[in-house]
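> I need the structure of the sequence given here:
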Amino acid sequence: MSTPDGDLFRILISTDNHLGVWEKDEIRKDDSFKSFEEVLQIAVEQNVDMLLLGGDLFHDNKPSRTTVIKAVELLNKYCLGDRPVQFQVLSDQQQNFVSGRVNFENPNVNIGLPVFTIHGNHDDPAGQDSLSAVDLLSSCGLVNYFGKVLLSGNNIGNITLSPVLLQKGNTKLAVYGLGNVRDERLGRLFQTPGCVQWLRPADSEVASTDDWLNIFVLHQNRVQHGATAKNCLQERHLPPFLDLVVWGHEHECIPDTVLLQQPDSADEGNAAHVIQPGSSVATALSEGESRRKHVFLLEIMESQWRIVKQPLQTVRPFLWDNISLAAAQPRIDPDDSTAITTRLEQKVNSMIQQALRDVSPQQQEQQRQIGSSALAPLLPLIRLRVDYTGLSTINSQRFGQKFVGKVANPHDMLLWAKAAARKNKEEKAALAESEAGSASVLRPDQLDQARIEDLVAANLQAKMDILPPEELAVALHEYVEKDEKMALATCVTTVLTETQAAAMAGPGAGAAERTAHGDADGIAVVADDDVATVVNLCVQNRQASKLQHPFASGFAGGTPSAAGGPLQANNWDPGARVSNDGFDDVMDVDGTENRVPGSDAAAAATAARGGGMPPPAPKGRQRKGAAADG
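Residues are numbered from 1 along each chain as shown. Predicted coordinates:
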């Protein structure tokens with residue numbers, strides 16, 4: 001680097017650590033902790049400024065006590081210390097962080113390695129207080145939890161994304177975070193103009209809006225999973241001013257940066273870059289999980305940046321392969337189970353030998369340092385997809401017994417598959433007609449992909465005047481997916497309490513009282529029509545209020561602005577510490593910018609983007625760019 005290190009911002013990026021996965025498996029119970037410890041080791045050895053996690057730090061919303069204790073021990077070991085933190089947080093910390101303050105500015109905690117994280121779909125907030133294990137680490141001052149945004153209101157709702165503004169020397173970062181939201185709803189939000197607003201730093205004497213490098217960290221489906229195209233976030237719906245997108249949730253590691261897909265943009269050079277670190281531990285025996293695991297080192301110097309990939313050495317070897325029994329030579333008798341078993345044994349043994357050969361001496365040394373046995377390498381994971389078209393299958397459990405002590409997953413090595421039978425045009429037409437006639441019936445393979453709100457709408461015949469179906473769907477999701485046994489009762493109680501309170505204090509309450517008449521006991525009786533009118537009015541006001549105020553009651557992830565309402569455009573000086581919103585530009589998801597009238601930035605378009613690594617390119621309209629991957 002030809003420029004001083006005082007401007008070099010170094011961030012280590014990792015996603016989907018899934019602490020506690022396989023904790024009941026005697027062989028794989030420590031895999032997630034070993035890989036996460038290696039991530040922390042790399043952060044300390046590389047002397048990075050901060051560690052950025054992209055969600056799913058924990059595998060469960062309610063991890064076991066053992067998992068929480070191990071996580072706290074690792075963070076204490078590597079994150080506490082006397083090493084000075086060399087960057088500043090310039091934005092409103094009450095707005096950015098769940099704890100209301102960045103942990104390295106807490107005089108009671110000595111932080112040497114700041115960790116910034118969002119939540120994922122496994123460790124997302126749930127329950128009456130909207131809490132998870134990540135909130136526990138945040139309250140202990142071990143992590144800086146951001147991106148916890150409330151999606152309130154009926155139907156679609158709305159969200160406002162406010163960046164964490166970081167500065168080191170002349171390098172300025174605007175880090176946007178968005179914890180996991182159900183993909184179907186978030187997809188509809190981003191497709192609807194005005195439902196997602198992005199706040200941008202205001203122009204000032206110190207820096208202009210375009211001087212900030214914009215990073216977006218999210219944890220959502222990137223590709224379609226299941227039968228509907230709405231269960232993933234379309235890349236083309238992200239705003240054009242972003243420079244880098246860190247995409248969590250997808251477990252396949254893509255070691256190179258790719259351009260953000262923006263089909264509406266004719267200039268590819270104007271597109272942002274996307275990195276997908278993938279998981280640090282294999283949580284499923286899928287082909288994507290078998291790819292080599294990495295963490296990414298992001299180096300930023302003013303307007304220029306680059307990515308250096310770092311392979312993880314402590315990850316358990318995982319080999320995926322395919323075999324077609326019909327193509328085996330010599331040919332196998334379809335009814336000869338012994339011949340089938342023998343052929344599969346040969347294939348699995350060769351895969352085990354290959355997996356052991358692929359382990360480098362560097363990996364073995366790193367595994368010994370983290371705590372693995374120095375006498376034997378890690379048992380590999382083996383997954384063999386077997387095409388048995390035209391032949392019979394064998395017992396997978398009995399077959400796996402032959403490899404106990406040789407592989408880490410002896411009982412689920414084989415994945416049986418069969419080639420789809422070809423159908424003629426008449427058969428296809430009859431099948432389509434049959435499926436159209438039974439469209440209202442969900443097949444078992446479709447049931448897991450069905451959205452809860454669709455199931456509620458399809459099966460809830462009665463019209464509910466007070467309890468909105470959308471809130472019932474959310475409660476049902478938490479009851480089923482997060483094991484929140486009081487979710488339904490809490491939902492009903494909350495709605496009734498809010499409606500009753502509004503009815504007693506609402507504008508229609510006085511009118512209802514004036515129509516009351518006393519009986520012999522002097523007890524006031526209100527006419528039924530007046531009660532119904534007041535309740536209906538309160539329900540409408542409550543729903544409208546939730547749509548208009550995304551920071552309504554029940555949001556545990558930060559506090560509203562000092563003004564007490566949604567974020568407003570404010571004059572803001574990035575060179576000074578402020579407690580107001582301090583944002584100038586408000587960009588809707590459709591890309592239209594609403595700037596403060598009279599601002600110098602009002603006439604400036606989003607900067608065109610070019611490439612390169614420090615020394616930084618001259619100031620101007622050139623796109624903040626990335627060098628080739630390291």
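> Flag the shaky bits of the stretch 501-630 of the chain, pLDDT-wise.
506-531, 543-630 (pLDDT under 70).
> quick one: contacts of stretch 25-35?
17-23, 59, 70-71, 74, 280-282, 293, 312, 314-316, 367, 370-372, 379, 408-409 (CB atoms under 8 Å, 6 or more residues apart in numbering). (C-beta placed from N, C-alpha, C; glycine too.)
> Show me the residues you listed that map onto strands.
Taking DSSP state E, every one of the contacts of stretch 25-35 sits outside strands.
> In ChimeraX, how would I select the buried members of these?
Buried residues among the contacts of stretch 25-35 (16 or more other CB atoms under 10 Å), as a ChimeraX selection:
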select :17,18,19,20,21,22,23,59,70,71,74,280,281,282,293,312,314,315,316,367,370,372,379,408,409
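> quick one: low-confidence parts of the stretch 201-350 of the chain?
In the stretch 201-350 of the chain, residues with pLDDT under 70: 224-230, 262-270.
> Let me see the ranges of the strands in it.
Under the criterion DSSP state E, counting those that start in this stretch, the stretch 201-350 of the chain contains strands at 213-219, 244-248, 254-259, 273-276, 294-301, 304-311, 318-324.
> Which other helices and strands does the fourth one contact?
For strand 273-276, the packing partners by 3 or more CB pairs under 8 Å, 6 or more residues apart in numbering; DSSP states H and E come out as strand 244-248, strand 254-259.
> Kindly report the same for the second one.
Using 3+ CB pairs under 8 Å, 6+ apart as the contact definition, the elements that strand 244-248 packs against are strand 213-219, strand 273-276.
> Same list, these, but as CSV with mean neighbour count and distance to Pro255 please.
Below are the helices and strands packed on strand 244-248 laid out as CSV (neighbours: other CB atoms under 10 Å; distance: least, CB to CB, whole Å):
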stretch, mean neighbour count, distance to Pro255
strand 213-219, 25, 18
strand 273-276, 22, 9
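> mind checking which of those strands is nearest Ala126?
Closest approach to Ala126 among those is made by strand 213-219 (15.3 Å; CB to CB).
> what angle do the closest one and strand 294-301 make?
160 degrees (axes from the mean of the first three to the mean of the last three CA atoms, to 10 degrees).
> which secondary structure elements does strand 213-219 contact?
Judged by 3+ CB pairs under 8 Å, 6+ apart, the packing partners of strand 213-219 are strand 171-178, strand 244-248.
> Throw these into a markdown table and include distance to Ser139 and mean neighbour count, thanks.
Output for the helices and strands packed on strand 213-219, formatted as a markdown table (distance: least, CB to CB, whole Å; neighbours: other CB atoms under 10 Å):
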| stretch | distance to Ser139 | mean neighbour count |
| --- | --- | --- |
| strand 171-178 | 18 | 25 |
| strand 244-248 | 22 | 25 |
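> Mind checking the ones you listed for the one nearest to Ala502?
Here strand 171-178 is closest among the helices and strands packed on strand 213-219 (CB to CB), at 30.8 Å.
> now for that closest one, which elements pack on it?
Partner elements for strand 171-178 (3+ CB pairs under 8 Å, 6+ apart): strand 8-14, strand 159-161, strand 164-168, strand 196-201, strand 213-219, strand 294-301.
> Which parts of the stretch 351-500 of the chain are strands?
Going by DSSP E, counting those that start in this stretch, the stretch 351-500 of the chain shows strands at 381-387, 414-417.
> hang on, the earlier thing: how about the helices and strands packed on strand 273-276, which one is nearest Cys79?
strand 244-248 (19.9 Å).
> quick one: strands adjacent to the closest one?
strand 213-219 (parallel), strand 273-276 (parallel) (DSSP bridges).
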